[in-house]
Structure formats: C-alpha cells, structure tokens
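J.: Kindly generate the corresponding structure for this input.
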Amino acid sequence: MEKQDRKPLTYLAYLLRLWREGGTAPWRVTLEDPHTGRRHAFADLKGLFTFLEAETGADWEQDGQQDHNGG
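T.: Below you'll find the model as predicted:
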C-alpha cells in the first residue's frame with residue numbers, strides 16, 4: 001500500500017534514547033517502535049524532528065513552536 005493510500009495515523013509510540021559521546025558533543029538519538037522492534041537512529045536532534053514531522057505530517061516551525069511542557 002502506498003503512503004498516500006494509508007489511513008491517517010492517530011497514534012504513534014516509540015522508545016526514545018538520548019545520549020552524548022562527550023560533554024559538548026551533539027545529542028545522539030534512537031527511536032524504537034515497541035510493536036515491531038524497528039529502530040531509527042539520528043546523529044542529532046534536527047534529524048529526529050525531521051523524522052517526526054514526516055511521520056506525523058506536522059510542521060513544528062509553522063505550528064508556532066509547540067509548548068513541549070503539556071500546555
């Protein structure tokens with residue numbers, strides 16, 4: 001099934017891991033889908049956000065920098 005033919009997603013779950021390989025190194029990231037075990041690795045946070053925007057169809061820049069503290 002092509003991406004355009006899929007139903008819109010209403011729920012995603014990932015196990016998020018963040019770490020640095022030194023005090024000033026960029027954050028490294030992996031996301032793991034708990035249902036499939038599939039992992040996605042990112043060299044920096046920008047890569048993570050780009051992936052999440054593609055997965056959700058959201059545009060964080062256009063959405064006015066969402067408040068990430070639940071409000």
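J.: For this structure, which segments are assigned as strands?
T.: Counting by DSSP state E, the chain has strands at residues 15-19, 28-32, 39-42.
J.: looking at the protein, which helix or strand is least sure?
T.: Of all regular secondary-structure elements in the chain, judged by mean pLDDT, DSSP states H and E, the least confident is helix 45-56 with a mean of 93.
J.: by how many degrees do that helix and strand 15-19 diverge?
T.: Taking axes from the mean of the first three to the mean of the last three C-alpha atoms, to 10 degrees, helix 45-56 and strand 15-19 form an angle of 170 degrees between their directions.
J.: okay, the angle between helix 45-56 and strand 28-32?
T.: Using the same axes, to 10 degrees: helix 45-56 against strand 28-32 is 30 degrees.
J.: Can you name every helix or strand that helix 45-56 contacts?
T.: Using 3 or more C-beta pairs under 8 Å, 6 or more residues apart in numbering; DSSP states H and E as the contact criterion, the elements in contact with helix 45-56 are strand 28-32, strand 39-42. To be clear about C-beta, it is placed using only N, CA and C from the backbone, and glycine gets the same treatment.
J.: Parallel or antiparallel, list what pairs with the shortest one.
T.: Meaning strand 39-42. strand 28-32 (antiparallel) (DSSP bridges).
J.: May I see the buried residues of the partner strand?
T.: If you call a residue buried by 16 or more other C-beta atoms under 10 Å, then strand 28-32 has these buried ones: 28-29, 31-32.
J.: Between all of the residues you listed, which two are separated the most?
T.: Using C-beta to C-beta, the buried residues of strand 28-32 reach their maximum pairwise distance at Arg28 and Glu32, which is 13.8 Å.
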